[in-house]
Each structure stands twice: as C-alpha cells, then as structure tokens.
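# sequence first, predicted model second:
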Amino acid sequence: MLQIDNLKASIGDTEILRGVSLDVSAGEVHAIMGPNGSGKSTLAQVIAGHDDYRVTSGSVTFNGRNLLDLEPEERAREGIFLGFQYPVEIPGVNNAYLLKAAVNAKRKHQGLAEIDAFEFLKLAKEKMAVLSMDPKFLNRGVNEGFSGGEKKRNEILQMAMLEPTLAILDETDSGLDIDALRAVAEGVNALRSPDRAIVLVTHYQRLLDYVEPDHVHVLSEGKIARSGDKSLALELEEKGYDWVREAANG
Amino acid sequence: MKSAVLSFDALQEAAEKLPDGRLAASRRAALEHLREHGLPTTRNEDWKYTDLTSIVDIGNQSLERDAPRSRSQELERRIESIRSAIEADWLIIANGLIDDQSLSAFDNTQVSVTRRSESDDAIEFGAPLSDLNTALLHDGLCIHIDANAGLRRPIGVLFIDDATTAPGMSQARVEIAMADNSDASIIEYHASLGSAKHYANSLIKLVLGSNSRSNYVRIQERSRHHNQTGRLSVEVGRDSAFNHCAFDLGGGLIRNDLTVDIAEPGSRTAFDGLYLIGDRQHVDNHTRADHRVGPAESQQEYRGILTGHARGVWNGKAIVHVGADGTDAAQANHNLLLSDKAEIDAKPELEIYADDVKCSHGTTIGQLDETALFYLRTRGLSKHEAKQVLTRAFAQSIVSKSPIVAIHDVLSAMIAGRLSDLMQGAEL
C-alpha cells in the first residue's frame, strides 16, 4: 500500500530524513519508534504533505501513485489520515462543521453525494460513544479549550469518521492518562481491518500494550536503524534508545 | 498637503433653500461656526489617516444642483428588500429626507417619534462635521422610548441614498432618548444605490436613562462610490447597559466616530465592530470612551479583514478622568491582512488620571495561521476552502458577540457573501 524508498527530506538547510525505506501493506499495523529528534514526526508530516519540508531524494508511493505529487488535501481524499501530535485549536470553526466538511470532501472525491445531516449526526454520536466523548464536543470550536486528552480523542474521532485507508498517528499516546489511552486504543483497534494500514509513531511502548503492532521500526538519526516484531518494542523499553544507536553505529 | 475647502457660499445658498422654521436659526449659526473653523485636515491628529478632500469635492459638486426629491423604483425595491430581511419597526431616511410614510406607519405605544423641527430646542455646535450636518439638515428624527418600556421588536433606522445620475450629499440626524428602566434594540442601517458619487453625513445621539439597556447594531453596506462620515454620541446613565456592534461591509471612504460618555456610575458598555474591506476602500473607526465616574466598564473589540489595497484605521481611546476609580476599560483590535498591499493603522490610546482602575489594550496584525491551514487541508479541505473557513471564523467571533441575536443569521449571510467577494480577488 505504502512504499517509501530511500526518502531524504530537509527543513531549511537541515537534513532530517537521511534515507528512509519502509513498506506498509494493507491489514498491517506498524510502530515507528525512536528518540526525540530522530525524524519520526518529520516522516509523518512528509507523508501528509507539509510544505515546510523539502524532499531532496527518494520516493513515496501510495497504492501505486506518486504521493509526493499530491497536495495535502488530495492525499487526505485518497485515504491518508494524519493524527497530529499537537492538534490545532481553531476557534470559531465548529467541530461538527469540520467533521462534515472533511467527510464530504472525501465523498465528493469518491463521486458520492454529500452525507445526509441526520445520518452524519447518528454516525458521529456512535463514534463518540466508542471514544467516551460527550456529544457536546460536536458544537464546540475545533479543539478550542480542549484538554490534551480531549484533543487526542478528537483526532481519533476524525479518523473514525473518515475511515482512512492509511492512518498515521503521530504520538497520539503522549500525555494521555490511562483512561484516555484506553479510549484512543479502542478507537484505533476498531479501525483495524484487512483493507487498512495503521502507522503508530510513538516514543513509548505503552500504547503497544493496547494496540498490538505487526512490525516495529526504530528510527535513529533520520534512518531506520532496526526493524522487528513487537518484541523489539519491549527490548527497547528495557535497553533504551542508546542501544539502537550504538548497535547502528557499531 | 491638500486641504478640504468647502464652498461656503454654495453651502449658504443650499441652506437657505431648506424649509424655513425652527431649524433655520440653528442652521445659520452652525454654518457660521463651520465657516470659522473649517473642516479638519490630515494635519489634525484625529484625521491623520483620513483625508476629507474627495468628500468635500463631492459635497461642492452636489451643491451646484438641487437634491433629488423623487425616489426611483429601484430605491423602493431596495428599501423593501431590507425591510423584509430584517424584522424591525423601520424608520426611513432616504436621500436625507424623512420618509413620511414610515413615520406615520410607526406604531408602538411605548415609543414616540417626532420631527426635530417640531422642537424648540436649538441644536448646539459640535465638531465640524456635526455643524455641517446641522447647516444642511432638512429635518431630523427624535425617538423617545418610554420609561419601563421593553420593546419586543428592534427599532430600525434605514439611511439610504440614491445617487444615480449626479454626485449627491445628504445629512441625517436622529436623536434617541431612552427613559429610565427601558430596554430597546436599535438597528442603524446604511445602504445606497446608484453609480454616481455620494457623500452621506449622519449624526446620531443616544441617551440611556438609569437602568436602561440598549442593544445596538450598526450595519453599513454602501456601494463603492458612496462615502460616509457618521457620528454616534452616547450618554450612558446610572446602571445602564450599552451593547454595540458595528459592521462595515461596504463604502468607499468611511469614517465612523463613536463616543461614549460615562458620567454616572454602574454602567457597562461593550462596543465591538468588524470591517471587511478590499480594493481601495478606506474605513476609519475612531472610538472614545470618557470615564468620568466609576465604577463603570467599557470593553471593546474591533476586528478587520483587509484585502487588495484596502486601508483600515482603528483608533480606540479610553480616558479615565480624575476620580473615576473602579473603571474597567479594555480595548482590542485584531486584523487579518490577506494582501501585502493592504494597510492598517491601529492605535489604542489609554489616558488614565485615576488610581484604582483596570485597563488593558492590545492590537494584532497578521495573516492566517499556517498550522491551522495545513491541519484543515489534511482533513481534505482545499487550500481555498481552508482559507475561507479560517477567515469566516475570524469574522464570526464578532457576529456571535453582536447583541441582537435575532439578526445573527442575516449578518452571517451578509458577511459570508462579502467575504467570498473579497477573497475572489485575494491572492489564494
């Protein structure tokens, strides 16, 4: 589904990704781990299309299409979802409005009619129940005054409504208490299916207790230093990131 | 530097053609006062950014011919469409003339409406533009709202001008007195049609009695050829509440002066505003709150969205006089510049001569938040849609503060339409 080949990307004059290669197939859950500054978030942002980052070489292919040619909104409509590490507060834009606009943008792209207002509300409330979110959040400004946990649940709600083919969750677990973590994990697990892939970008192993990954990759200094199965995450938790860095350099 | 020179002889001639009566003496006195002081120029600090020269030219040209007395079909249709869009008891001043029909049809047992010419009181001198207003005033309206009245429908005053064939000038004056414990919503609506140049000069006085409340909305959607100077002078009584919100959506050169005089304690004033301007529009909002006693509150927030070569001016002044302890005054002005050719001159001014006060001010000038734009695009909204959504949200925060809830939908629709026009031309 997603093929990343020798991807290099810079911000300004600083090269952050220094040749990342990764294959993600439908039905899989990948975890990308790594210390702060290793390039995890950059990788997520480049896949979503942030134009602060300049891709200097390599390729990213999504379902056979060159992803790097597409605008962020085109990537979204093609089925890519990025859950933000720091979801943006947008006062004055109603949460329900954004959800509906997002769903309709995708439906339009697929040649479908706009979602019926009643249908939309019913669906949103169902998804919110899974995430233990109060329906009142629909009528608030997007992330406006939300707590850290509420913002992350709201990201998962958007994901649940959009039903992406590929979901990339950037540190969705950071700063969450155990209840929020469970709710988020439940939202992610509900989306798992043979047609979809999920990439979890995370610093800690904690989320992986609830969402079991098929593959674990460790990113270090802009490259994937090590790949393995879920046991790699546990090994990392035990030995720390220095172990990977030393192993990679040694 | 150019200066604005009115043709006083033509002015006098025009004034003499106006109906004789109790206003004649006030007109003559105002004209003499104006002749003595002249109109302000950009050398005057309060008029630094707004040059009246073009307005004076229109005024002089209009004085060369008689003001139109008949109303076109198109004008009638426009009036009707505004009346049907906004539910209110409407009074109409068209081309500076009071609409008799709206006056006789005005039916509210708690409100009396009379003509200014029926009053024995002379009109006092004022600022130069107020004197110009008096000197050429055909007639004004006096609205009295009874004590303890609670109006269910807003009172609407529509100022509409039609300059179809030749440059025009109009003066309009409304004096509103709200007696103690009264509660009224007021809509001040400025509209225009025609492709010739026009200059409209309005003066509104509002006096709020003790414990009264006025929810006040001003809407200005004049055409690009129409220029306007407008003054709203408010005196707030003890424990009264004045909630004001202004929307400047059109016009060529627009100058609004809003003054609030707080001479009795316990009042709360909120004055907010929004200006959406593009092309070469020029909108200048000058506000002034005089806190003469405390405790009293004045809170203001103006927001602007500017595209093209638009020029915005915001000057908010709060003066806390000696002894006005317990004053709480806050001013904010936020601007979104959607073009690098647009310009805003924002100046908050606090003058504080009392000790126990709480005052704050802040202004911001910026572009749309790039992070928010990217966020919306990752949710499938196009760049253009994302910009529109963020811009609308910026404006909507003033609409939701607007005190007459019944017209929120009308305002939102007007603003959405105006924004989509503005953003067509913006670099997107």
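That came in fine, so what should we check first? Numbers count the residues shown, from 1 in each chain, chains lettered A, B, ... in the order given.
# so B:Arg379 touches A:Ala101, yeah?
Yes: assessed by CB atoms under 8 Å, B:Arg379 is found in contact with A:Ala101 at 7.4 Å. From N, CA and C alone the C-beta is placed, and that goes for glycine too.
# so between these two, which is more surrounded?
When neighbours are counted by other CB atoms under 10 Å in any protein chain shown, B:Arg379 and A:Ala101 differ, and B:Arg379 comes out ahead with 25 against 20.
# got a pLDDT number for that one?
pLDDT recorded at B:Arg379 is 97.
# element containing it, please.
Assigned by DSSP states H and E, B:Arg379 falls within no helix or strand.
# repeat that for A:Leu17.
strand A:14-24.
# who's in contact with the one helix or strand A:Val184 maps to?
According to DSSP H and E, A:Val184 maps onto helix A:178-191. Applying CB atoms under 8 Å, 6 or more residues apart in numbering or on different chains, the external contacts of helix A:178-191 come out as A:127, A:130-132, A:149, A:152-153, A:156-157, A:159-160, A:163, A:167, A:169, A:172-173, A:176, A:198, A:200, A:206-207, A:210-211.
# just the buried members of those residues?
Among the contacts of helix A:178-191, those scoring as buried are A:127, A:130-131, A:149, A:152-153, A:156-157, A:159-160, A:163, A:167, A:169, A:172-173, A:176, A:198, A:200, A:206-207, A:210-211 (criterion: 16 or more other CB atoms under 10 Å in any protein chain shown).
# circling back to that earlier point, does anything pack onto the strand holding A:Leu17? Which helices or strands?
With contacts defined as 3 or more CB pairs under 8 Å, 6 or more residues apart in numbering or on different chains; DSSP states H and E, the packing partners of strand A:14-24 are strand A:2-11, strand A:29-33, helix A:40-48, strand A:54-62, strand A:223-228.
# re earlier: so which of the buried ones among the contacts of helix A:178-191 are in helices?
Within these, residues falling in helices by DSSP state H are A:127, A:130, A:149, A:152-153, A:156-157, A:159-160.
# from those residues, which is closest to A:Leu7?
Closest approach between these and A:Leu7, by CB to CB: A:Met159, at 23.6 Å.
# return the alpha-carbon coordinates of the helix or strand containing B:Lys347 using CSV.
For B:Lys347, the host element (DSSP H and E) is strand B:343-352. C-alpha atoms of strand B:343-352 as CSV (Å, rounded to 0.1, in the frame of the first residue of the first chain):
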residue,chain,number,x,y,z
GLU,B,343,-2.7,48.6,5.2
ILE,B,344,-4.0,49.1,8.8
ASP,B,345,-3.2,51.8,11.2
ALA,B,346,-4.2,50.7,14.6
LYS,B,347,-3.8,52.8,17.6
PRO,B,348,-5.1,52.1,21.1
GLU,B,349,-4.9,55.0,23.5
LEU,B,350,-5.4,55.0,27.2
GLU,B,351,-5.3,58.1,29.3
ILE,B,352,-5.6,57.4,32.9
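# pLDDT of whichever helix or strand comes after it, averaged?
Later in the chain than strand B:343-352, the nearest helix or strand by DSSP H and E is strand B:357-366. What strand B:357-366 shows for mean pLDDT is 93.
# ok, and what's touching strand B:357-366?
For strand B:357-366, contacts defined as CB under 8 Å, 6+ apart pick out B:294, B:314, B:316, B:318, B:320, B:324-337, B:344, B:346-348, B:350, B:352.
# run the chain-centre distance for that strand.
22 Å (CA atoms, centre = their mean, to the nearest Å).
# can you get me a residue count around B:Leu422?
Applying other CB under 10 Å, I find that B:Leu422 has 23 neighbouring residues.
# is it in a helix, a strand, or coil?
At B:Leu422 the chain is in helix, as set by DSSP: H, G, I helix; E, B strand; the rest coil.
# against chain A, how distant is the spatially closest residue to it that is not a sequence neighbour?
With sequence-adjacent residues excluded and distances taken as CB to CB, 6 or more residues apart in numbering or on different chains, B:Leu422 is closest to B:Gly278, at 4.4 Å. Note on B:Gly278: its distance to chain A, by CB to the nearest CB, to the nearest Å, is 21 Å.
# might one say that B:Gly278 is in contact with B:Asp421?
Yes: using CB under 8 Å, B:Gly278 is in contact with B:Asp421, at 7.5 Å.
# pLDDT weak spots in the stretch 151-300 of chain B?
Within the stretch 151-300 of chain B, no stretch falls below the threshold (pLDDT under 70).
# one more pass at 90, please.
The stretch 151-300 of chain B contains residues with pLDDT under 90 at B:163-167, B:194-195.
# for the stretch 101-250 of chain B, which residues are neighbours of chain A?
Not one residue of the stretch 101-250 of chain B sits near chain A, judged by CB under 8 Å from any CB of the partner chain.
# now the strands: where do they sit in the stretch 101-250 of chain B?
B:111-115, B:141-145, B:155-162, B:168-178, B:183-193, B:198-208, B:213-221, B:226-236, B:241-248 (DSSP state E, counting those that start in this stretch).
# any idea which of those strands gets closest to A:Ser21?
strand B:241-248 (55.9 Å).
# so which elements touch the closest one?
Packed on strand B:241-248, when contacts are counted by 3+ CB pairs under 8 Å, 6+ apart, are strand B:198-208, strand B:213-221, strand B:226-236, strand B:253-262, strand B:268-277, strand B:282-291, helix B:408-425.
# of all the ones you listed, which one comes closest to B:Arg152?
Here strand B:213-221 is closest among those (CB to CB), at 12.6 Å.
# what's the closest one packed up against?
strand B:183-193, strand B:198-208, strand B:226-236, strand B:241-248, strand B:253-262, helix B:408-425.
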